[in-house]
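Undergrad: A structural model of the following input is requested.
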Amino acid sequence: MLKWKAPIQYELNPTDVNEGINWVTLKLKNIEPKTLRELDVQMHSVNPFNLLVYGPGLLGGQYISELGPLKGTELLFRVDARGSADVYVTIEGRKDGDYFWWESSWMTLQLNGEKARITSLLVVSNPYTAVGKTIVAEATVESLRKDGGLKLEFWVETPSGKNEKQSTIDITDLAVGDKTPYKVEVTPQEEGLYTIYAYLFDGSKQIDSMTETIYAQKT
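TA: Presented below is the predicted three-dimensional model:
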């Protein structure tokens, strides 16, 4: 699917990948009547545990010296997939001699044969809470294949650096396409930044993860 965000039209193919090394093509087109120059193009993975992005070699970025009005180009990126993940592209360059920064929307690279994925992890409150006040975190799991054996674990890293498991949830009954929220309660006992982790397992194999943070302050 072609997407637009001035001054770039962009498309990523394929969006389905196999486990291991894959090559994906990023198509870029300058949709403005001005030449873009000195473009440093980078692709980033939102979840590096599931998917790592490389350039054509071992280094990540790619360089375009010039992209004229309504001109397009194609860039190859190598990805190493263990699971599905969203990716996005950033470009630094010059337009009319002035520096500009551009960032695409997220694009999903879907791992073929994957059972499920975590689509979101949210703290059901504002980004701040009080020490001693219980908050609720919610992870939404999307089923991609009708199959059992899934497990969701919630962990919390405290401001002092301690990692504590909060709960383990067995997921046995999801229809294909279902998006089901699972909740955990956390009660901060010290002031500072807490990191909440959601890990999704297929048997003993971790297939997805997501993090969220919240700050607890003394009242």
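Undergrad: for the closest residue to Val176 other than its chain neighbours, list the residues it contacts.
TA: Counting by C-beta to C-beta, 6 or more residues apart in numbering, Val176 lies nearest to Lys146, which is 5.2 Å off, once chain neighbours are set aside. Every residue, glycine included, has its C-beta placed from N, CA and C. By C-beta atoms under 8 Å, 6 or more residues apart in numbering, Lys146 lies in contact with Leu174, Ala175, Val176.
Undergrad: kindly report the same for Thr180.
TA: Thr180 makes contacts with Thr140, Val141, Ser143, Ile171, Leu174, as judged by C-beta under 8 Å, 6+ apart.
Undergrad: now the residues you listed in a markdown table, with distance to Ala216, pLDDT and neighbour count?
TA: Converted to a markdown table, the contacts of Thr180 look like this (distance: C-beta to C-beta, whole Å; pLDDT from 0 to 100; neighbours: other C-beta atoms under 10 Å):
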| residue | distance to Ala216 | pLDDT | neighbour count |
| --- | --- | --- | --- |
| Thr140 | 24 | 94 | 16 |
| Val141 | 26 | 92 | 24 |
| Ser143 | 33 | 85 | 19 |
| Ile171 | 29 | 88 | 19 |
| Leu174 | 33 | 76 | 20 |
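Undergrad: and of those, the nearest to Arg82?
TA: Closest approach between the contacts of Thr180 and Arg82, by C-beta to C-beta: Val141, at 17.3 Å.
Undergrad: that closest one: what's it in contact with?
TA: Val141 neighbours (C-beta under 8 Å, 6+ apart): 116-119, 150, 152, 171, 174, 179-182, 200.
Undergrad: could you give the number of residues near Ser204?
TA: A count of nearby residues for Ser204, using other C-beta atoms under 10 Å, gives 7.
Undergrad: next, it: phi, psi?
TA: phi -100, psi 0 (degrees, to the nearest 10).
Undergrad: now Gly61. Nearest residue, chain neighbours left out?
TA: The spatial neighbour of Gly61 that comes closest, neighbours along the chain excluded (C-beta to C-beta, 6+ apart), is Gln42 at 4.7 Å.
Undergrad: so where's this structure uncertain?
TA: 56-60, 126-127, 147-148 (pLDDT under 70).
Undergrad: what is the strand ranked longest in the chain packed up against?
TA: Across the chain, the longest stretch assigned as strand under DSSP state E is strand 205-217. Helices and strands touching strand 205-217, as assessed by 3 or more C-beta pairs under 8 Å, 6 or more residues apart in numbering; DSSP states H and E, comprise strand 116-123, strand 128-130, strand 135-143, strand 192-202.
Undergrad: which residues does it contact?
TA: 47, 49-50, 82-84, 114-118, 120-123, 125, 127-131, 133, 135, 137, 139, 159, 188, 190-201.
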